[in-house]
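# Have a look at this fold, sequence not included:
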């Protein structure tokens, strides 16, 4: 089999995600243990939140690749559990939710805390609130018979038909 239904493809993605996570974590350990030797470039190796670093992207992007690969592999072999349907709906609107969280969450927080120094309690409350919003809005959107999220549909229209 080829394409999306090829189990070996998803196994490769799982391995790739694992390597990405390992490289990101190794860079973070290197920065923590050899910070004095690295001097001014230690920031390039440390996993930071703001500004986003390459190890941060490797680690968190690798986790995302691992999750997607594992779910695709599980979905092909045994099907996904029914309780994951709301999460799948959020995933089908990933671009819309990415922009939505920036406009509805990050921009207002940035207004009240311009130095991005809000507390963990504020960050956790905001994240949980947006997760609830994302689950509800995705269920509502796709419950109206739509096949794609609003930005995903717009991008599909402006990019033209696939070949």
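The structure has been received and is ready for your questions. A quick note: this is a predicted structure, and the numbers were derived from the prediction, not measured.

# Quick one: residues contacting the spatially most central residue of the chain.
Centroid check for the chain by CA atoms, centre = their mean gives residue 64 as the closest residue, at 5.6 Å. By CB atoms under 8 Å, 6 or more residues apart in numbering, the residues touching residue 64 are residue 17. The way it works is simple: take the backbone N, C-alpha and C, and place the C-beta from them, glycine included.

# just checking, next helix/strand downstream of the helix or strand harbouring it?
In this assignment (DSSP states H and E), residue 64 forms part of helix 54-77. Once the chain leaves helix 54-77, the next helix or strand it forms, by DSSP H and E, is helix 85-92.

# what's that following helix packed up against?
With contacts taken as 3 or more CB pairs under 8 Å, 6 or more residues apart in numbering; DSSP states H and E, helix 85-92 sits against helix 120-143.

# sorry, back to before: tell me how far the residue nearest to the centre of the chain lies from residue 14.
With the distance defined as CB to CB, to the nearest Å, residue 64 ends up 12 Å from residue 14.

# in the helix holding residue 64, what counts as buried?
55, 56, 58, 59, 62, 65, 66, 69, 71, 72, 73, 76 (16 or more other CB atoms under 10 Å).

# In those residues, find the pair that's most separated.
Based on CB to CB, the longest span within the buried residues of helix 54-77 runs between 55 and 76 and measures 31.3 Å.

# before we move on, back to that, tell me which of the buried residues of helix 54-77 is nearest to residue 22?
Closest to residue 22 out of the buried residues of helix 54-77 is residue 62 (7.7 Å), distances taken as CB to CB.

# Do I have it right that that closest one meets residue 15?
No: counting by CB atoms under 8 Å, residue 62 sits too far from residue 15 to count as a contact (10.5 Å).
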